[in-house]
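> Got a sequence here, can you model it:
(2 chains)
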Amino acid sequence: MSKKKNGSSGLGQLLIPLIALGILVLFNLFRDISFFSITMRVNNSGNIVLAGNLISIIDNASELAIIAMGMTLVTAACGGQDISVGAVAAISGAVLVKVLQGMGGITPVSLLLGFLAATLVTILFKLFNGTLVAVFRIQPMIATLILFSCGRSIAYWINGDATPQLYAPIIDSIGKTIPGIPIPTPIFAVLLMGLLLILLFRFTSLRLYTQSVGINQGAARLNGINPTTVKLISFVILGVCVSIAALLGVCRMHQLNHKNLLVDIEMDAILAVAIGGNSLGGGKFKLIGSILGAYIIQMLTTTLYAMNVNPVNIKAYKAIVIILIVVAGSPVIKRGLTALWKKLRTNKAQTEGVN
Amino acid sequence: MRKLFALLLALVMIFALAACGQKTETPAADTAGEGGLIKVGIINLDPSESGYRQANVKNLQDTFTKENGYDATFVTAPTADKQLEAARGFITAGVKYILVSAAETTGWDEVLKEAKEAGITVLLFDRMIECDPSLYTAAVVSDMRKEGETAVAWLESLNLPEYKILHIQGQLGSAAQIGRSDPLTEKCAADPNWTIVREGTGGDSWSADEAKKIAQAAIDAGEEFNIVYAENDGMAQGVVEALDAAGITHGVNGDVIIMGFDCNRWALEKLLAGEWNYDGQCSPFQAVELDKMIKTLEAGGTIEGLNDLNQIISEEKGFDAKIITQADIDTYGLG
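Prediction:
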């Protein structure tokens, strides 16, 4: 019995996002099969690029997928979400650009140094959030509301310059494609981040510690786990994710706009975690669920674009679909479905017994 | 190590709090200007909007200084209600001049009347307001409609077999958006060969990201267009990012014609490189003219050279990628 329960909860969590993804794919297959076509084209810089809706989905969901990974960890450990990821990404971008300007040009070396500095600053800001949450026990949403509201002003303050433009081959290579490789670079960034986290879980006990702190902080402490450290680590990892996403966002647009860089991404990231079947109250988590969630959100956006929905109206249409997904994954519906399933099986067993 | 860590955290917190306080500027409430300085209240838009705005805000800040005889208060706000609030603040504070670049062309009548009753001289710059011309003393503006007309005339001179246009509008209701949109929409209504494939707005911040989304949506929907008419440089660049990712060529030798406005230096460089086709100029340097006007009024003179709408119109031109030179970029490029 207990074995069966474990098995069903393992796949059960991913069931809803997989079904949602399947429905989206089927819907597009029947609507217009050319949705899935991928073509090779040569763009203005003379690079061969893969073009098509599928590539556009996977490419444009990259920042969201990366931030959703970090958000999953914070959610699992703290039982709450960090709503300041977009604002802190703007700070990260501002630091990056500041370093690039200070070093007098964009070279791979200055970009690397800029990225490292930006990551360090991002981690410090995330630790500020983490301290409020883990040490002062403030509700995560309230604690992160501070940077949510003033983060973009800080970014402006750091940078001063309103929308600096960044043009260099290395920026193209990160935001678009590396010459000779037709697949957009952000996709590799998602793979890299995912791989790093998988290795981290494989060789440390972080996953177990995070889940135990999320499920029962007191019990975790009695078992020798320090909840404060675990929570702070989750914020550090989120900081790294935010910094990578900011780098991608800046390179993609060839500019830093502190107002628009990754704007509204916090809500989409939380949504990705929820669609992925993770409990927003913390505890057990599945990283792959959140990543799937991110791609579902982007696929939904692209599908709506392909159906000629105006970008201004897209949020309303998205909301309808998301309500359906979230309600379908809610405990009440799940319990109802399980009960229905059991009833069907007992009925079947009874009829079989009669026969 | 632990102490160092705590210190760092404390620093970050102070840093964050200090920045929180930076957000808004409100007009000072003291009355008389100090030491014979002329009290001026300047209402502008947010500098992060565009390179144009940045150059405009800086130009005003560099001109209306203490050394130049001014006690100036600057308010930058992206929306009409915040601007109106700032104007009322200036009236209460008893400034002698109010200088306005309006977020929206309408809704100013009441405030301007209040200012007139309080004996404040109102000067408009950069963007016009739709009201009785007697409510302001003078306006130093760009003729946005002429910018639009010049751009459309340039497009027409290309004699393309068909015109399928992706139209990215600026902040809806702003003088710049109306002036740049109207000639195009009128042309499209009159000529069956000209169609607007898709129209969208970059919103109040003339956002490049929004423009990219509109272009992405058009590409995802498989719509074909051969012209991008974006009402500022940043939004044109946003569209170009989407085109590059989708492998659609653009510019002088490309499939899609790219048009922008404002003449930022980086945008003109794109023209010179042949990646864009056209950029319409819009001069942000009105401060010298405004300064001259105020000095004239202070000396008891009257402002000359105004048309019947009390305007002085800046001379402007459009640049074609095929004939632009490095010298043009050095002379006209912003930033």
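> So which bits of the stretch 151-300 of chain B are right by chain A?
Applying Cβ under 8 Å from any Cβ of the partner chain, we find that the stretch 151-300 of chain B lies next to chain A at B:200-201, B:205, B:207-210, B:212-214, B:216-217, B:219-222, B:234, B:237-238, B:241, B:243-251, B:254, B:264, B:266, B:275. For the C-beta atoms, the positions are set from N, CA and C on the backbone; glycine is no exception.
> Give me the buried subset of these.
B:200-201, B:205, B:207-210, B:212-214, B:216-217, B:219-221, B:234, B:237-238, B:241, B:243-251, B:254, B:264, B:266, B:275 (16 or more other Cβ atoms under 10 Å in any protein chain shown).
> Look through the stretch 51-200 of chain B and state the residue closest to chain A.
B:Gln54 (4.5 Å; Cβ to the nearest Cβ).
> pretty sure that residue is in a helix, no?
Yes. Using DSSP: H, G, I helix; E, B strand; the rest coil, the assignment for B:Gln54 is a helix.
> ok, A:Asn308 - contacts?
By Cβ atoms under 8 Å, 6 or more residues apart in numbering or on different chains, the contact set of A:Asn308 is B:217, B:221.
> Wait, a helix at it?
No. With three-state DSSP as the criterion, A:Asn308 is coil rather than part of a helix.
> Give me the phi and psi angles of it.
phi 70, psi 30 (degrees, to the nearest 10).
> least trustworthy helix or strand in chain A by mean pLDDT?
Least confident element among the helices and strands of chain A, by mean pLDDT, DSSP states H and E: helix A:2-31 (a mean of 75).
> Strands of the chain, start to end?
No chain in the question, so chain A it is. Under the criterion DSSP state E, chain A contains strands at A:39-42, A:48-51.
> my bad, chain B
B:38-44, B:70-76, B:97-100, B:121-126, B:138-142, B:163-169, B:194-201, B:227-230, B:257-262, B:278-281, B:311-314, B:318-320.
> Would you format these as TSV with mean pLDDT included?
What follows is these, written out as TSV (pLDDT from 0 to 100):
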stretch	mean pLDDT
strand B:38-44	94
strand B:70-76	93
strand B:97-100	95
strand B:121-126	93
strand B:138-142	89
strand B:163-169	97
strand B:194-201	94
strand B:227-230	97
strand B:257-262	96
strand B:278-281	94
strand B:311-314	86
strand B:318-320	94
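> Dump these to a markdown table, plus distance to A:Leu261.
Supplementary listing: those in a markdown table, determined by distance: least, Cβ to Cβ, whole Å:
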| stretch | distance to A:Leu261 |
| --- | --- |
| strand B:38-44 | 23 |
| strand B:70-76 | 20 |
| strand B:97-100 | 30 |
| strand B:121-126 | 26 |
| strand B:138-142 | 29 |
| strand B:163-169 | 19 |
| strand B:194-201 | 19 |
| strand B:227-230 | 20 |
| strand B:257-262 | 21 |
| strand B:278-281 | 25 |
| strand B:311-314 | 33 |
| strand B:318-320 | 29 |
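> For A:Gly151, which of those strands is the nearest?
strand B:70-76 (19.1 Å; Cβ to Cβ).
> What residues does the closest residue to chain B within chain A make contact with?
Proximity of chain A to chain B (Cβ to the nearest Cβ) peaks at A:Arg41, 2.8 Å away. Residues counted as contacts of A:Arg41 (Cβ under 8 Å, 6+ apart) are A:48-49, A:51, B:246-248.
> ok so, going back, most packed of the strands of chain A?
Comparing the strands of chain A by mean neighbour count (mean count of other Cβ atoms under 10 Å in any protein chain shown), strand A:48-51 comes out on top with a mean of 19.
> That one - contacts with which helices or strands?
Counting contacts by 3 or more Cβ pairs under 8 Å, 6 or more residues apart in numbering or on different chains; DSSP states H and E, strand A:48-51 is packed against strand A:39-42, helix B:233-246.
> Please state the offset of that strand from the chain centre?
25 Å (Cα atoms, centre = their mean, to the nearest Å).
> For that strand, which strands pair with it and how are they oriented?
Paired neighbours of strand A:48-51 in the sheet (DSSP bridges): strand A:39-42 (antiparallel).
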